[in-house]
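Asks: here is a sequence together with a model predicted from it:
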Amino acid sequence: MRSVQRTTSTVEDRSLIRDSSLVWLASGVVGVSFGAVSVAGGLPVWVPVLMSLVVYAGSAQFSAVGVLLAGGGPAAAVATGLLLNTRTAAFSLAVAEILGTGRAGRFLGAHLVTDETVAFALAQPDPARRRRAFWISGLGLFAVWNTGVLAGALAGSALGDTARYGLDAAFPAVLVALVLPALRADAAVRRCALLGAALALAVTPAVPAGVPVLLALAGLFLHRGPAAASGAAA
Amino acid sequence: MNATLVVILALAVGTYAFRLVGPVLHGRVTVPPRIQELASAGAVVLLVALLATGALTESGGFAGWARPAGVLAGAVLAWRRAPFPVVVLGAATTTALLRLAGVA
């Protein structure tokens, strides 16, 4: 009985690792480009390396370094990065159940909350698999991201323009694949998500980075209570 | 203290505080089912907004055609229930090939 169970979870872990590995690969290359861009812009090697370890949020890191290199000043760099990361509060609520109540799991797991890992965990069908998916994706991504940044910072700009690998299309596509099951299953969530995305796109040219995605939450106004929904269905 | 170090530490502390919101509230406050439902719907809404803005925009403007075309190729593959690696590689390859062909 026990060996049957172990075999099942080993097979599950393998499929989780296989699905995660392409996200890791893509993130690793983005990490390399983050390290390279930072050092090529004139920052010392320790800046991108330390930032990746303790901040660990790709878009916020790119924008903070971008602001610093553009001479925007430390306050603007922090504000931009934090604004981009406010969404992790909402994501941490969504995975709170997965992280459970153990002290170590919660405090370590919180640091691993990223767009990709949350999406990957929530896409799994049952609680046990969601938990394994969170830790496998989260720990792997942390290792790969930081290794990539270190490699990029040491290599400088030898990698060239990473846009030619098409990786910027890989990330949105990863998210499509991960949210599609939720969108197929739930019409209410679908309505909210479409309205939210439309709002985010509409305001993007006019507001600072990070704000459009937060405004998308207004799409939740279309999410009616379970009583109202079942009443409408009947 | 070095200004860059202050930036890094402030970002790290602030980001970790955001990330702790869920785990700290969990088990301490009984979250009503309706709020839980909204939180998980909210995560999907955020992810869809991220993928839409990520696919179509870059620094507040249009990202060019190659990227959304690649994402669209990935979306079609995902819709047809292609395996995850196929979706990811399909999207990146489409964009890379379009750029090779001179499409921005």
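Replies: Structure's in. What do you need?

Asks: downstream of the helix or strand hosting residue A:96, the next helix or strand is which one?
Replies: Element membership for residue A:96, per DSSP states H and E: helix A:87-99. Next helix or strand after helix A:87-99 toward the C-terminus (DSSP H and E): helix A:103-111.

Asks: what helices or strands is the strand or helix carrying residue A:61 leaning on?
Replies: Using DSSP H and E, residue A:61 sits within helix A:58-69. Counting contacts by 3 or more CB pairs under 8 Å, 6 or more residues apart in numbering or on different chains; DSSP states H and E, helix A:58-69 packs against helix A:2-40, helix A:46-54, helix A:74-85, helix B:3-25. Just so you know, the C-beta spots here come from the backbone N, C-alpha and C atoms, and that holds for glycine as well.

Asks: pull that helix out as PDB, backbone CA atoms only.
Replies: C-alpha atoms of helix A:58-69 as PDB (Å, rounded to 0.1, in the frame of the first residue of the first chain):
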ATOM      1  CA  GLY A  58      11.500  39.500 -11.800                       C
ATOM      2  CA  SER A  59       9.400  42.500 -13.000                       C
ATOM      3  CA  ALA A  60      10.100  44.500  -9.900                       C
ATOM      4  CA  GLN A  61      13.800  43.900 -10.200                       C
ATOM      5  CA  PHE A  62      13.900  44.900 -13.800                       C
ATOM      6  CA  SER A  63      12.000  48.100 -13.200                       C
ATOM      7  CA  ALA A  64      13.900  49.100 -10.000                       C
ATOM      8  CA  VAL A  65      17.300  48.600 -11.800                       C
ATOM      9  CA  GLY A  66      15.800  50.400 -14.800                       C
ATOM     10  CA  VAL A  67      14.900  53.400 -12.700                       C
ATOM     11  CA  LEU A  68      18.300  53.400 -11.000                       C
ATOM     12  CA  LEU A  69      20.200  53.200 -14.300                       C
END
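
Asks: chain center to it, what's the gap?
Replies: 16 Å (CA atoms, centre = their mean, to the nearest Å).

Asks: identify the residues contacting that helix?
Replies: Applying CB atoms under 8 Å, 6 or more residues apart in numbering or on different chains, the external contacts of helix A:58-69 come out as A:27, A:30-31, A:34, A:37-38, A:41-43, A:47-48, A:51-52, A:55, A:73-74, A:76-78, A:80-82, A:84-85, A:114, A:145, A:209-210, B:4, B:7, B:11, B:15.

Asks: could you chop chain A up by domain?
Replies: Per the record, chain A has its domains at A:10-157, A:186-234, by automatic domain parsing.

Asks: quick one: buried residues of the helix holding residue A:96?
Replies: By neighbour count with 16 or more other CB atoms under 10 Å in any protein chain shown, helix A:87-99 contains the buried residues A:87-99.

Asks: center of chain B, which residue is that?
Replies: Geometric centre of chain B, nearest residue: residue B:50, 4.4 Å, by CA atoms, centre = their mean.

Asks: buried residues in the helix or strand hosting it, which are they?
Replies: Secondary structure from DSSP H and E places residue B:50 in helix B:33-56. For helix B:33-56, burial by neighbour count (16+ other CB under 10 Å) applies to B:37-56.

Asks: any idea of the mean pLDDT for it?
Replies: Regarding helix B:33-56, the rounded mean pLDDT is 87.

Asks: next SSE downstream of it?
Replies: strand B:57-58.

Asks: do that next one and chain A meet?
Replies: Yes: residues of strand B:57-58 contacting chain A under CB under 8 Å from any CB of the partner chain: residue B:57.

Asks: re earlier: the helix holding residue A:96 near chain B at all?
Replies: Yes: contact of helix A:87-99 with chain B (CB under 8 Å from any CB) involves A:87-97, A:99.
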